[in-house]
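1. this one's sequence-less:
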(Lines give C-alpha, C1' and ligand atoms only; values in the text may rest on other atoms or scores of the structure.)
Protein backbone atom coordinates (compact mmCIF):
# COMPACT_ATOMS: atom_id res chain seq x y z
CA UNK A 1 0.00 0.00 0.00
CA UNK A 2 1.09 3.56 -0.67
CA UNK A 3 1.90 5.98 2.13
CA UNK A 4 -0.46 8.52 0.59
CA UNK A 5 -3.68 9.53 2.35
CA UNK A 6 -6.21 6.73 2.91
CA UNK A 7 -8.66 5.94 0.13
CA UNK A 8 -12.10 7.44 0.58
CA UNK A 9 -15.18 5.25 0.97
CA UNK A 10 -18.75 5.46 -0.17
CA UNK A 11 -21.20 6.14 2.66
CA UNK A 12 -22.73 2.96 4.04
CA UNK A 13 -26.39 2.18 3.57
CA UNK A 14 -28.57 3.38 6.50
CA UNK A 15 -29.73 0.87 9.07
CA UNK A 16 -33.04 -0.82 8.39
CA UNK A 17 -35.68 -2.58 10.47
CA UNK A 18 -35.83 -6.37 10.76
CA UNK A 19 -39.32 -7.19 9.42
CA UNK A 20 -41.65 -9.69 11.12
CA UNK A 21 -41.63 -13.19 9.57
CA UNK A 22 -44.60 -15.06 8.09
CA UNK A 23 -44.13 -18.78 7.32
CA UNK A 24 -45.98 -20.60 4.54
CA UNK A 25 -46.65 -24.23 5.50
CA UNK A 26 -48.71 -27.15 4.26
CA UNK A 27 -48.59 -30.66 2.88
CA UNK A 28 -46.80 -31.35 -0.44
CA UNK A 29 -48.08 -30.01 -3.75
CA UNK A 30 -50.81 -27.64 -2.51
CA UNK A 31 -49.26 -24.52 -4.10
CA UNK A 32 -47.07 -23.11 -1.32
CA UNK A 33 -44.24 -22.05 -3.63
CA UNK A 34 -46.67 -20.51 -6.13
CA UNK A 35 -48.18 -18.44 -3.32
CA UNK A 36 -44.70 -17.48 -2.04
CA UNK A 37 -43.66 -16.25 -5.50
CA UNK A 38 -46.91 -14.30 -5.78
CA UNK A 39 -46.35 -12.62 -2.40
CA UNK A 40 -42.71 -11.61 -2.97
CA UNK A 41 -43.32 -10.62 -6.60
CA UNK A 42 -40.57 -12.73 -8.19
CA UNK A 43 -39.81 -16.33 -9.02
CA UNK A 44 -37.68 -17.27 -6.01
CA UNK A 45 -39.06 -20.77 -5.36
CA UNK A 46 -39.04 -23.47 -8.04
CA UNK A 47 -42.58 -24.41 -9.06
CA UNK A 48 -43.60 -27.64 -10.76
CA UNK A 49 -46.07 -30.52 -10.72
CA UNK A 50 -43.61 -32.87 -9.02
CA UNK A 51 -44.40 -33.03 -5.25
CA UNK A 52 -41.57 -32.10 -2.90
CA UNK A 53 -39.64 -29.77 -5.20
CA UNK A 54 -39.12 -27.28 -2.36
CA UNK A 55 -37.00 -28.90 0.35
CA UNK A 56 -35.34 -26.09 2.32
CA UNK A 57 -36.50 -22.73 3.65
CA UNK A 58 -36.69 -19.93 1.05
CA UNK A 59 -36.86 -16.33 2.30
CA UNK A 60 -38.19 -13.17 0.64
CA UNK A 61 -39.70 -9.82 1.60
CA UNK A 62 -42.83 -7.96 0.59
CA UNK A 63 -44.82 -4.87 1.53
CA UNK A 64 -48.57 -4.36 1.76
CA UNK A 65 -50.56 -1.37 3.00
CA UNK A 66 -47.37 0.30 4.19
CA UNK A 67 -46.29 -2.72 6.24
CA UNK A 68 -43.12 -4.62 5.29
CA UNK A 69 -42.71 -8.24 6.35
CA UNK A 70 -40.61 -11.27 5.46
CA UNK A 71 -42.02 -14.49 4.02
CA UNK A 72 -40.50 -17.97 4.25
CA UNK A 73 -41.50 -20.88 2.01
CA UNK A 74 -41.10 -24.40 3.39
CA UNK A 75 -41.14 -27.91 1.97
CA UNK A 76 -44.27 -30.04 2.06
CA UNK A 77 -44.73 -31.42 5.58
CA UNK A 78 -45.25 -35.16 6.04
CA UNK A 79 -45.07 -35.64 9.84
CA UNK A 80 -44.92 -39.46 9.94
CA UNK A 81 -42.53 -40.06 7.01
CA UNK A 82 -39.21 -41.46 8.26
CA UNK A 83 -37.40 -41.26 4.90
CA UNK A 84 -34.32 -39.03 4.96
CA UNK A 85 -35.51 -36.16 2.75
CA UNK A 86 -39.11 -35.85 4.09
CA UNK A 87 -37.83 -36.05 7.69
CA UNK A 88 -35.40 -33.23 7.02
CA UNK A 89 -38.11 -31.19 5.30
CA UNK A 90 -40.19 -31.49 8.49
CA UNK A 91 -37.15 -30.38 10.51
CA UNK A 92 -36.70 -27.28 8.30
CA UNK A 93 -40.42 -26.46 8.52
CA UNK A 94 -40.26 -26.67 12.32
CA UNK A 95 -37.37 -24.16 12.31
CA UNK A 96 -39.45 -21.78 10.16
CA UNK A 97 -42.52 -22.15 12.38
CA UNK A 98 -40.49 -21.38 15.50
CA UNK A 99 -39.08 -18.20 13.91
CA UNK A 100 -42.38 -16.93 12.48
CA UNK A 101 -44.82 -14.41 13.96
CA UNK A 102 -47.71 -15.81 11.88
CA UNK A 103 -48.36 -18.94 9.78
CA UNK A 104 -50.13 -19.22 6.43
CA UNK A 105 -51.39 -22.79 6.11
CA UNK A 106 -52.02 -23.60 2.44
CA UNK A 107 -54.68 -26.24 1.68
CA UNK A 108 -56.07 -27.57 -1.60
CA UNK A 109 -59.78 -26.83 -2.04
CA UNK A 110 -60.06 -29.21 -5.00
CA UNK A 111 -58.72 -32.14 -3.00
CA UNK A 112 -60.74 -31.23 0.09
CA UNK A 113 -59.73 -32.23 3.61
CA UNK A 114 -57.27 -35.12 3.71
CA UNK A 115 -56.01 -37.18 6.67
CA UNK A 116 -52.69 -35.31 6.37
CA UNK A 117 -54.55 -32.00 6.71
CA UNK A 118 -56.16 -33.32 9.90
CA UNK A 119 -52.75 -34.14 11.34
CA UNK A 120 -51.25 -30.80 10.30
CA UNK A 121 -54.14 -28.94 11.92
CA UNK A 122 -53.35 -30.65 15.24
CA UNK A 123 -49.65 -29.78 14.84
CA UNK A 124 -50.35 -26.11 14.03
CA UNK A 125 -52.74 -25.69 16.97
CA UNK A 126 -49.94 -26.67 19.35
CA UNK A 127 -47.66 -23.85 18.12
CA UNK A 128 -49.72 -21.07 19.70
CA UNK A 129 -49.08 -18.96 16.57
CA UNK A 130 -51.55 -16.99 14.47
CA UNK A 131 -52.74 -19.37 11.71
CA UNK A 132 -54.37 -18.10 8.51
CA UNK A 133 -55.81 -20.78 6.24
CA UNK A 134 -55.16 -20.08 2.54
CA UNK A 135 -57.72 -22.21 0.71
CA UNK A 136 -55.89 -22.45 -2.60
CA UNK A 137 -57.11 -23.40 -6.09
CA UNK A 138 -60.54 -21.89 -5.42
CA UNK A 139 -60.94 -20.74 -9.02
CA UNK A 140 -64.70 -21.31 -9.37
CA UNK A 141 -67.76 -20.30 -7.36
CA UNK A 142 -68.40 -23.89 -6.24
CA UNK A 143 -64.84 -24.35 -5.06
CA UNK A 144 -64.96 -21.05 -3.20
CA UNK A 145 -67.99 -22.33 -1.34
CA UNK A 146 -66.19 -25.59 -0.64
CA UNK A 147 -63.43 -23.64 1.11
CA UNK A 148 -65.85 -23.23 4.00
CA UNK A 149 -65.30 -26.83 5.13
CA UNK A 150 -61.83 -25.84 6.38
CA UNK A 151 -63.49 -23.74 9.13
CA UNK A 152 -63.99 -27.02 11.02
CA UNK A 153 -60.37 -26.87 12.18
CA UNK A 154 -61.18 -23.87 14.37
CA UNK A 155 -59.00 -21.22 12.73
CA UNK A 156 -60.76 -17.87 12.35
CA UNK A 157 -59.33 -16.77 8.99
CA UNK A 158 -60.08 -19.03 6.02
CA UNK A 159 -59.36 -17.13 2.80
CA UNK A 160 -60.26 -18.68 -0.58
CA UNK A 161 -57.73 -17.75 -3.26
CA UNK A 162 -55.96 -18.83 -6.43
CA UNK A 163 -52.23 -18.32 -6.04
CA UNK A 164 -51.53 -18.97 -9.71
CA UNK A 165 -53.92 -16.25 -10.90
CA UNK A 166 -53.63 -13.95 -7.90
CA UNK A 167 -57.37 -13.98 -7.07
CA UNK A 168 -57.98 -13.52 -3.35
CA UNK A 169 -54.31 -12.88 -2.53
CA UNK A 170 -55.08 -9.26 -1.59
CA UNK A 171 -57.57 -10.53 1.04
CA UNK A 172 -54.85 -12.77 2.46
CA UNK A 173 -52.40 -9.86 2.61
CA UNK A 174 -55.00 -7.70 4.37
CA UNK A 175 -55.42 -10.40 7.02
CA UNK A 176 -51.66 -10.85 7.48
CA UNK A 177 -51.09 -7.12 7.94
CA UNK A 178 -54.03 -6.81 10.34
CA UNK A 179 -52.76 -9.64 12.55
CA UNK A 180 -49.18 -8.35 12.54
CA UNK A 181 -50.42 -4.90 13.56
CA UNK A 182 -52.51 -6.39 16.39
CA UNK A 183 -49.57 -8.42 17.68
CA UNK A 184 -46.81 -5.82 17.26
CA UNK A 185 -47.44 -4.23 20.66
CA UNK A 186 -46.93 -7.58 22.44
CA UNK A 187 -43.42 -8.38 21.15
CA UNK A 188 -40.89 -8.86 23.94
CA UNK A 189 -37.97 -7.79 21.72
CA UNK A 190 -39.54 -4.47 20.68
CA UNK A 191 -37.97 -1.25 21.91
CA UNK A 192 -39.73 2.05 22.58
CA UNK A 193 -39.10 5.16 20.55
CA UNK A 194 -38.53 8.62 21.95
CA UNK A 195 -42.04 9.91 21.28
CA UNK A 196 -45.15 8.34 22.75
CA UNK A 197 -43.53 5.08 23.86
CA UNK A 198 -44.76 3.17 20.80
CA UNK A 199 -42.91 -0.08 19.97
CA UNK A 200 -40.45 0.06 17.10
CA UNK A 201 -38.64 -2.73 15.28
CA UNK A 202 -34.96 -3.43 15.95
CA UNK A 203 -32.47 -1.85 13.52
CA UNK A 204 -29.49 -3.60 11.93
CA UNK A 205 -26.72 -2.37 9.62
CA UNK A 206 -26.62 -3.20 5.92
CA UNK A 207 -25.85 -6.88 5.35
CA UNK A 208 -23.02 -8.50 3.42
CA UNK A 209 -24.53 -10.77 0.77
CA UNK A 210 -22.45 -13.94 0.55
CA UNK A 211 -23.21 -16.59 -2.09
CA UNK A 212 -21.87 -20.13 -1.68
CA UNK A 213 -21.46 -21.67 -5.14
CA UNK A 214 -19.88 -24.73 -6.71
CA UNK A 215 -20.59 -27.85 -8.66
CA UNK A 216 -22.83 -30.50 -7.06
CA UNK A 217 -21.67 -32.42 -3.99
CA UNK A 218 -18.60 -30.35 -3.09
CA UNK A 219 -19.99 -29.54 0.37
CA UNK A 220 -21.77 -26.20 -0.07
CA UNK A 221 -24.67 -26.99 2.29
CA UNK A 222 -22.31 -28.52 4.87
CA UNK A 223 -20.27 -25.32 4.75
CA UNK A 224 -23.38 -23.20 5.27
CA UNK A 225 -24.43 -25.30 8.26
CA UNK A 226 -20.92 -25.03 9.73
CA UNK A 227 -20.99 -21.23 9.37
CA UNK A 228 -24.40 -21.04 11.01
CA UNK A 229 -23.78 -23.63 13.70
CA UNK A 230 -27.08 -25.38 12.98
CA UNK A 231 -28.59 -27.71 10.42
CA UNK A 232 -30.11 -24.84 8.48
CA UNK A 233 -30.02 -26.64 5.10
CA UNK A 234 -30.65 -30.29 4.31
CA UNK A 235 -27.31 -32.09 3.87
CA UNK A 236 -27.22 -35.30 1.86
CA UNK A 237 -24.50 -37.31 0.10
CA UNK A 238 -26.73 -37.42 -2.98
CA UNK A 239 -25.54 -34.88 -5.56
CA UNK A 240 -28.17 -32.23 -6.29
CA UNK A 241 -30.04 -32.36 -2.96
CA UNK A 242 -30.23 -28.57 -2.82
CA UNK A 243 -32.39 -27.21 -5.63
CA UNK A 244 -33.34 -23.70 -4.56
CA UNK A 245 -31.26 -20.65 -3.69
CA UNK A 246 -31.57 -20.40 0.10
CA UNK A 247 -31.21 -17.07 1.94
CA UNK A 248 -30.29 -17.05 5.63
CA UNK A 249 -29.59 -14.03 7.81
CA UNK A 250 -26.91 -14.33 10.47
CA UNK A 251 -24.79 -12.04 12.62
CA UNK A 252 -21.05 -12.47 13.26
CA UNK A 253 -18.85 -10.07 15.23
CA UNK A 254 -21.49 -7.37 14.96
CA UNK A 255 -21.85 -7.69 11.17
CA UNK A 256 -25.01 -8.86 9.43
CA UNK A 257 -24.67 -11.46 6.66
CA UNK A 258 -27.14 -12.82 4.16
CA UNK A 259 -25.89 -16.29 3.23
CA UNK A 260 -27.11 -17.58 -0.12
CA UNK A 261 -26.72 -21.35 -0.55
CA UNK A 262 -27.29 -22.42 -4.14
CA UNK A 263 -27.97 -25.62 -6.01
CA UNK A 264 -24.88 -27.27 -7.48
CA UNK A 265 -24.28 -25.68 -10.87
CA UNK A 266 -24.19 -28.09 -13.82
CA UNK A 267 -23.84 -27.45 -17.52
CA UNK A 268 -27.32 -26.89 -18.90
CA UNK A 269 -26.96 -29.80 -21.33
CA UNK A 270 -26.14 -32.15 -18.46
CA UNK A 271 -29.31 -31.51 -16.45
CA UNK A 272 -32.31 -33.62 -17.38
CA UNK A 273 -34.87 -32.90 -14.66
CA UNK A 274 -36.82 -29.68 -14.93
CA UNK A 275 -35.98 -28.72 -11.35
CA UNK A 276 -32.25 -29.13 -11.89
CA UNK A 277 -32.35 -27.05 -15.07
CA UNK A 278 -34.10 -24.26 -13.20
CA UNK A 279 -31.55 -24.60 -10.40
CA UNK A 280 -28.75 -23.61 -12.79
CA UNK A 281 -30.62 -20.45 -13.78
CA UNK A 282 -31.50 -19.55 -10.19
CA UNK A 283 -27.96 -20.19 -8.93
CA UNK A 284 -26.57 -17.80 -11.56
CA UNK A 285 -29.25 -15.28 -10.61
CA UNK A 286 -28.21 -15.53 -6.95
CA UNK A 287 -24.69 -14.46 -7.95
CA UNK A 288 -26.11 -11.32 -9.53
CA UNK A 289 -27.44 -10.18 -6.13
CA UNK A 290 -24.39 -11.24 -4.11
CA UNK A 291 -21.53 -9.07 -2.89
CA UNK A 292 -19.07 -11.88 -2.27
CA UNK A 293 -18.99 -15.41 -3.74
CA UNK A 294 -17.33 -18.33 -1.98
CA UNK A 295 -16.44 -20.72 -4.81
CA UNK A 296 -16.20 -24.19 -3.26
CA UNK A 297 -13.96 -26.80 -4.92
CA UNK A 298 -13.30 -30.41 -3.89
CA UNK A 299 -9.77 -31.06 -2.60
CA UNK A 300 -10.10 -34.81 -3.29
CA UNK A 301 -11.16 -34.43 -6.90
CA UNK A 302 -8.96 -31.42 -7.59
CA UNK A 303 -9.83 -28.44 -9.75
CA UNK A 304 -11.81 -29.32 -12.88
CA UNK A 305 -13.00 -27.28 -15.85
CA UNK A 306 -16.49 -26.84 -14.38
CA UNK A 307 -14.98 -25.21 -11.26
CA UNK A 308 -13.38 -22.58 -13.51
CA UNK A 309 -16.68 -22.09 -15.36
CA UNK A 310 -18.54 -21.51 -12.10
CA UNK A 311 -15.90 -19.06 -10.92
CA UNK A 312 -16.31 -17.35 -14.28
CA UNK A 313 -20.04 -16.88 -13.59
CA UNK A 314 -19.16 -15.17 -10.29
CA UNK A 315 -16.57 -12.97 -12.04
CA UNK A 316 -19.04 -11.96 -14.77
CA UNK A 317 -21.58 -11.03 -12.08
CA UNK A 318 -19.01 -8.67 -10.52
CA UNK A 319 -18.76 -10.56 -7.22
CA UNK A 320 -15.73 -10.43 -5.00
CA UNK A 321 -14.41 -13.99 -4.88
CA UNK A 322 -12.95 -16.30 -2.25
CA UNK A 323 -11.92 -19.81 -3.31
CA UNK A 324 -12.62 -22.41 -0.60
CA UNK A 325 -10.89 -25.77 -1.10
CA UNK A 326 -13.14 -28.10 0.92
CA UNK A 327 -12.41 -31.60 2.33
CA UNK A 328 -8.79 -30.60 2.95
CA UNK A 329 -8.70 -32.86 6.03
CA UNK A 330 -9.20 -35.94 3.82
CA UNK A 331 -5.93 -35.36 1.95
CA UNK A 332 -3.69 -36.37 4.86
CA UNK A 333 -3.56 -40.03 3.80
CA UNK A 334 -3.15 -39.31 0.10
CA UNK A 335 -0.06 -38.41 -1.88
CA UNK A 336 -1.09 -35.08 -3.38
CA UNK A 337 1.99 -32.90 -2.96
CA UNK A 338 2.22 -29.77 -0.82
CA UNK A 339 -0.49 -27.13 -0.35
CA UNK A 340 1.65 -24.80 -2.45
CA UNK A 341 1.64 -27.31 -5.32
CA UNK A 342 -2.16 -27.65 -5.05
CA UNK A 343 -2.55 -23.88 -5.21
CA UNK A 344 -0.21 -23.62 -8.21
CA UNK A 345 -2.38 -26.15 -10.05
CA UNK A 346 -5.52 -24.23 -9.04
CA UNK A 347 -4.05 -20.92 -10.23
CA UNK A 348 -3.03 -22.53 -13.51
CA UNK A 349 -6.63 -23.59 -14.18
CA UNK A 350 -8.11 -20.30 -12.95
CA UNK A 351 -5.61 -17.80 -14.35
CA UNK A 352 -8.20 -15.03 -14.41
CA UNK A 353 -8.52 -15.25 -10.59
CA UNK A 354 -4.89 -14.76 -9.63
CA UNK A 355 -6.11 -12.04 -7.22
CA UNK A 356 -8.65 -14.25 -5.37
CA UNK A 357 -7.57 -15.58 -1.95
CA UNK A 358 -7.54 -19.36 -1.43
CA UNK A 359 -8.65 -20.94 1.88
CA UNK A 360 -8.12 -24.67 2.53
CA UNK A 361 -11.01 -25.77 4.77
CA UNK A 362 -13.04 -28.69 6.05
CA UNK A 363 -16.76 -28.07 6.42
CA UNK A 364 -17.00 -31.42 8.22
CA UNK A 365 -14.50 -30.65 11.00
CA UNK A 366 -14.67 -26.85 10.87
CA UNK A 367 -10.98 -26.54 9.95
CA UNK A 368 -10.26 -22.88 9.02
CA UNK A 369 -13.95 -22.22 8.26
CA UNK A 370 -13.78 -19.35 10.75
CA UNK A 371 -11.43 -17.54 8.31
CA UNK A 372 -14.12 -17.16 5.63
CA UNK A 373 -16.39 -14.49 7.16
CA UNK A 374 -13.52 -12.10 8.04
CA UNK A 375 -12.23 -12.54 4.47
CA UNK A 376 -15.73 -11.77 3.17
CA UNK A 377 -15.90 -8.58 5.27
CA UNK A 378 -12.50 -7.48 3.96
CA UNK A 379 -13.56 -8.22 0.37
CA UNK A 380 -16.86 -6.36 0.80
CA UNK A 381 -15.07 -3.28 2.14
CA UNK A 382 -12.69 -3.35 -0.83
CA UNK A 383 -15.47 -3.62 -3.42
CA UNK A 384 -17.11 -0.50 -1.93
CA UNK A 385 -13.88 1.51 -1.93
CA UNK A 386 -13.91 4.78 -3.84
CA UNK A 387 -10.59 6.50 -4.55
CA UNK A 388 -10.49 10.28 -4.99
CA UNK A 389 -9.44 11.73 -8.34
CA UNK A 390 -6.46 13.45 -6.72
CA UNK A 391 -5.19 10.14 -5.38
CA UNK A 392 -5.71 8.47 -8.74
CA UNK A 393 -3.82 11.22 -10.56
CA UNK A 394 -0.85 10.87 -8.21
CA UNK A 395 -0.98 7.09 -8.59
CA UNK A 396 -1.20 7.32 -12.37
CA UNK A 397 1.86 9.54 -12.66
CA UNK A 398 3.90 7.02 -10.69
CA UNK A 399 2.44 4.04 -12.57
CA UNK A 400 3.20 5.46 -16.02
CA UNK A 401 6.71 6.54 -15.00
CA UNK A 402 7.54 3.17 -13.50
CA UNK A 403 10.01 0.98 -15.43
CA UNK A 404 7.54 -1.86 -14.89
CA UNK A 405 4.96 -0.15 -17.10
CA UNK A 406 4.50 -1.80 -20.50
CA UNK A 407 4.96 0.58 -23.41
CA UNK A 408 2.25 1.24 -25.97
CA UNK A 409 2.88 -0.47 -29.31
CA UNK A 410 4.79 1.60 -31.87
CA UNK A 411 2.79 2.74 -34.91
CA UNK A 412 3.24 0.90 -38.19
CA UNK A 413 4.99 2.77 -40.98
CA UNK A 414 2.73 5.49 -42.34
CA UNK A 415 0.19 4.87 -39.60
CA UNK A 416 -1.11 7.05 -36.79
CA UNK A 417 0.90 8.12 -33.76
CA UNK A 418 1.46 5.89 -30.76
CA UNK A 419 -1.58 5.43 -28.47
CA UNK A 420 -1.17 7.73 -25.46
CA UNK A 421 -2.76 7.05 -22.05
CA UNK A 422 -3.74 10.41 -20.53
CA UNK A 423 -5.36 9.78 -17.13
CA UNK A 424 -7.72 7.52 -15.17
CA UNK A 425 -10.78 8.18 -13.01
CA UNK A 426 -13.12 5.97 -10.97
CA UNK A 427 -16.74 5.85 -12.11
CA UNK A 428 -18.28 3.19 -9.89
CA UNK A 429 -18.09 0.67 -7.06
CA UNK A 430 -19.39 -2.87 -6.39
CA UNK A 431 -17.15 -3.76 -8.21
CA UNK A 432 -14.77 -0.79 -8.61
CA UNK A 433 -14.82 0.53 -12.19
CA UNK A 434 -12.33 2.92 -13.80
CA UNK A 435 -12.24 4.84 -17.08
CA UNK A 436 -8.87 5.20 -18.80
CA UNK A 437 -8.75 8.12 -21.23
CA UNK A 438 -6.55 7.63 -24.29
CA UNK A 439 -5.66 9.74 -27.32
CA UNK A 440 -3.77 9.38 -30.58
CA UNK A 441 -3.09 6.15 -32.37
CA UNK A 442 -5.65 3.40 -32.77
CA UNK A 443 -8.02 2.88 -29.83
CA UNK A 444 -7.68 -0.34 -27.87
CA UNK A 445 -5.56 -0.81 -24.75
CA UNK A 446 -3.29 -3.82 -24.96
CA UNK A 447 -4.31 -6.54 -22.49
CA UNK A 448 -0.85 -6.37 -20.88
CA UNK A 449 -1.33 -2.66 -20.08
CA UNK A 450 -4.82 -3.27 -18.70
CA UNK A 451 -3.51 -6.09 -16.51
CA UNK A 452 -0.65 -3.86 -15.35
CA UNK A 453 -3.07 -1.12 -14.29
CA UNK A 454 -5.28 -3.59 -12.43
CA UNK A 455 -2.32 -5.07 -10.53
CA UNK A 456 -0.96 -1.66 -9.58
CA UNK A 457 -4.41 -0.48 -8.44
CA UNK A 458 -4.68 -3.56 -6.21
CA UNK A 459 -1.24 -2.91 -4.72
CA UNK A 460 -1.85 0.80 -4.18
CA UNK A 461 -5.39 0.81 -2.80
CA UNK A 462 -5.82 -2.74 -1.44
CA UNK A 463 -8.65 -3.89 -3.70
CA UNK A 464 -8.69 -7.25 -1.95
CA UNK A 465 -10.46 -10.21 -3.59
CA UNK A 466 -12.52 -8.03 -5.93
CA UNK A 467 -12.59 -7.75 -9.72
CA UNK A 468 -11.71 -4.39 -11.26
CA UNK A 469 -13.37 -3.08 -14.39
CA UNK A 470 -11.21 -1.03 -16.81
CA UNK A 471 -13.03 0.90 -19.56
CA UNK A 472 -11.19 2.78 -22.30
CA UNK A 473 -12.53 6.11 -23.56
CA UNK A 474 -10.64 7.23 -26.66
CA UNK A 475 -10.37 10.84 -27.84
CA UNK A 476 -9.85 11.12 -31.56
CA UNK A 477 -7.25 13.43 -33.08
CA UNK A 478 -9.25 16.35 -34.47
CA UNK A 479 -6.58 17.30 -37.01
CA UNK A 480 -7.00 13.92 -38.68
CA UNK A 481 -10.77 14.43 -38.91
CA UNK A 482 -10.54 17.80 -40.74
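-> Perfect, I can see it now. Bear in mind the structure is a predicted one, so any value in this text is a computation, not a measurement. Numbers count the residues shown, from 1 in each chain.

2. what is the mean pLDDT for stretch 137-154?
-> Averaging pLDDT along stretch 137-154 gives 77.

3. Residue 149 belongs to a helix, doesn't it?
-> Yes: checked against DSSP: H, G, I helix; E, B strand; the rest coil, residue 149 lies within a helix.

4. how close does it get to residue 319?
-> 50 Å (CB to CB, to the nearest Å). To be clear about C-beta, it is placed using only N, CA and C from the backbone, and glycine gets the same treatment.

5. Which one's more surrounded, the two?
-> Neighbour totals were compared for residue 149 and residue 319, and residue 319 leads with 30 against 14 (other CB atoms under 10 Å).

6. all strands for the stretch 201-350 of the chain, in order.
-> 203-204, 208-213, 246-252, 255-261, 292-298, 320-326 (DSSP state E, counting those that start in this stretch).

7. What pairs with the last one, parallel or antiparallel?
-> Strand pairing for strand 320-326, determined by DSSP bridges: strand 292-298 (parallel), strand 358-360 (parallel).

8. I'd like the ones you listed laid out as a markdown table, including distance to residue 393, mean pLDDT and mean neighbour count.
-> Listed next are the strands paired with strand 320-326 as a markdown table, based on distance: least, CB to CB, whole Å; pLDDT from 0 to 100; neighbours: other CB atoms under 10 Å:
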| stretch | distance to residue 393 | mean pLDDT | mean neighbour count |
| --- | --- | --- | --- |
| strand 292-298 | 30 | 95 | 27 |
| strand 358-360 | 34 | 94 | 18 |
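
9. Tabulate the ones you listed (JSON lines), appending distance to residue 212.
-> Shown next, in JSON lines, are those (distance: least, CB to CB, whole Å):
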{"stretch": "strand 292-298", "distance to residue 212": "5"}
{"stretch": "strand 358-360", "distance to residue 212": "13"}
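
10. what's the closest of those strands to residue 424?
-> strand 292-298 (25.4 Å; CB to CB).

11. Count residues in the vicinity of residue 40, would you?
-> Around residue 40 there are 18 residues (other CB under 10 Å).

12. next one: phi and psi at it?
-> When read as degrees, to the nearest 10, the backbone of residue 40 gives phi -90, psi -10.

13. Listing request: residues of the stretch 101-250 of the chain with sub-threshold pLDDT.
-> For the stretch 101-250 of the chain, the stretches flagged by pLDDT under 70 are 140-144, 146, 183-206, 230-246.

14. let's see 90
-> The stretch 101-250 of the chain contains residues with pLDDT under 90 at 110-112, 114-129, 137-156, 164-167, 180-207, 213-218, 220-221, 224-225, 227-250.

15. Which among the strands of the stretch 201-350 of the chain is found nearest to residue 363?
-> strand 320-326 (5.6 Å).

16. as a whole number, average confidence for the closest one?
-> Here the average pLDDT along strand 320-326 is 97.

17. got the angle for that strand vs strand 208-213?
-> 50 degrees (axes from the mean of the first three to the mean of the last three CA atoms, to 10 degrees).

18. still on that earlier bit, for the strands paired with strand 320-326, which one sits closest to residue 420?
-> strand 292-298 (37.0 Å).

19. how about the helices in the stretch 301-450 of the chain?
-> Listed in chain order, the helices of the stretch 301-450 of the chain (DSSP state H, counting those that start in this stretch) span 305-316, 339-349, 372-383, 389-401, 447-461.

20. which of those is buried the deepest?
-> helix 372-383 (a mean of 20; mean count of other CB atoms under 10 Å).

21. Show me what that helix is packed up against.
-> Counting contacts by 3 or more CB pairs under 8 Å, 6 or more residues apart in numbering; DSSP states H and E, helix 372-383 is packed against strand 208-213, strand 255-261, strand 292-298, strand 320-326.

22. The ones you listed: which one's closest to residue 64?
-> That would be, of these and by CB to CB, strand 255-261, which comes in at 22.2 Å.

23. helices and strands around the closest one, which ones?
-> strand 208-213, helix 220-228, strand 246-252, helix 372-383.

24. Need those in CSV (columns: distance to residue 109).
-> Shown next, in CSV, are these (distance: least, CB to CB, whole Å):
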stretch, distance to residue 109
strand 208-213, 38
helix 220-228, 35
strand 246-252, 30
helix 372-383, 46
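
25. Of those, which is nearest residue 59?
-> Nearest of the helices and strands packed on strand 255-261 (CB to CB): strand 246-252, 4.3 Å.

26. circling back to that earlier point, among the helices and strands packed on strand 255-261, which is nearest residue 100?
-> Short answer: strand 246-252, nearest of those by CB to CB, at 13.9 Å.

27. re the thing from before, out of the helices and strands packed on strand 255-261, which comes closest to residue 34?
-> strand 246-252 (18.3 Å).

28. Neighbouring strands - and their directions - for the closest one?
-> strand 255-261 (antiparallel).

29. in the strand it pairs with, what's buried?
-> 255, 256, 257, 258, 259, 260, 261 (16 or more other CB atoms under 10 Å).

30. so can I have a markdown table of the strands of the stretch 201-350 of the chain showing distance to residue 41?
-> Converted to a markdown table, the strands of the stretch 201-350 of the chain look like this (distance: least, CB to CB, whole Å):
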| stretch | distance to residue 41 |
| --- | --- |
| strand 203-204 | 23 |
| strand 208-213 | 19 |
| strand 246-252 | 15 |
| strand 255-261 | 18 |
| strand 292-298 | 25 |
| strand 320-326 | 28 |
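
31. surely residue 19 meets residue 68?
-> Yes: shown here, residue 19 and residue 68 form a contact pair, counting by CB atoms under 8 Å, at 4.8 Å.

32. any residues in contact with both of the two?
-> Taking CB atoms under 8 Å, 6 or more residues apart in numbering as the contact rule, residue 19 and residue 68 both touch residue 61.

33. which residues of the stretch 301-450 of the chain score low on pLDDT?
-> Low-confidence segments of the stretch 301-450 of the chain (pLDDT under 90): 301-302, 304-307, 309-310, 313, 329-345, 388-394, 396-430, 435-450.

34. what do you get if the cut-off is 50, keeping everything else the same?
-> Along the stretch 301-450 of the chain, the model assigns pLDDT under 50 to residues 335, 409-415.

35. Show me what residue 134 is bridged to.
-> residue 106, residue 159.

36. List the residues that contact it.
-> 24, 35, 104, 105, 106, 107, 159, 161, 163, 172.

37. Make sure residue 311 is actually in contact with residue 350.
-> Yes: the criterion here is CB under 8 Å, and residue 311 meets it with residue 350 at 5.7 Å.

38. shared neighbours of the two, which are they?
-> Shared contacts of residue 311 and residue 350, counting by CB under 8 Å, 6+ apart, come down to 323, 356.
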